[in-house]
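Trainee: below are the sequence and a predicted model for it; my questions follow.
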Amino acid sequence: MVFIPWSDVEDMRLRELARSGIGMVEIAAHMGRTKSAIRARVEKLNIAVARQQNPMQVGKKLSKTTNR
């Protein structure tokens, strides 16, 4: 795989997409980059990205543990 340098315009678009609340998979699709490339770039630029919802956990509640 060939490394394609990021432009300032792409960095701005990445920030916009992250602020919109979509996850890395959708951002990757919008930008024509791999999820790994997006992950690496958001880490480098310290950008927060929404977490993907895991379909296996939809409707499940986390149980609380108590110390007795």
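Mentor: The structure has been received and is ready for your questions.
Trainee: write down the beta-bridge partners of the nearest residue to residue 52 once chain neighbours are set aside, one by one.
Mentor: Closest residue to residue 52 apart from its sequence neighbours, by Cβ to Cβ, 6 or more residues apart in numbering: residue 23 at 4.2 Å. Placement of C-beta: from N, CA and C, glycine included. Residue 23 has these beta-bridge partners by DSSP bridges: residue 50.
Trainee: show me the contacts for residue 23.
Mentor: 49-52 (Cβ atoms under 8 Å, 6 or more residues apart in numbering).
Trainee: just the buried ones from these, in PyMOL syntax?
Mentor: Per 16 or more other Cβ atoms under 10 Å, the buried members of the contacts of residue 23 correspond to this PyMOL selection:
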select buried, resi 49
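Trainee: what's the single longest helix in the chain?
Mentor: helix 8-20 (DSSP state H).
Trainee: quick one: contacts for the residue nearest the centre of the chain?
Mentor: Nearest residue to the geometric centre of the chain (Cα atoms, centre = their mean): residue 24, 2.9 Å. Applying Cβ under 8 Å, 6+ apart, we find residue 24 in contact with 35, 38-39, 42, 49, 52.
Trainee: spatially, which two of those residues are the most separated?
Mentor: 42 and 52 (13.5 Å; Cβ to Cβ).
Trainee: okay, and for this protein, where does confidence drop off?
Mentor: Counting by pLDDT under 70, the chain shows low-confidence ranges at 1, 53-68.
Trainee: can you do 50?
Mentor: Along the chain, the model assigns pLDDT under 50 to no residue.
Trainee: state the distance from residue 21 to residue 39.
Mentor: Using Cβ to Cβ, to the nearest Å, we find residue 21 at a distance of 17 Å from residue 39.
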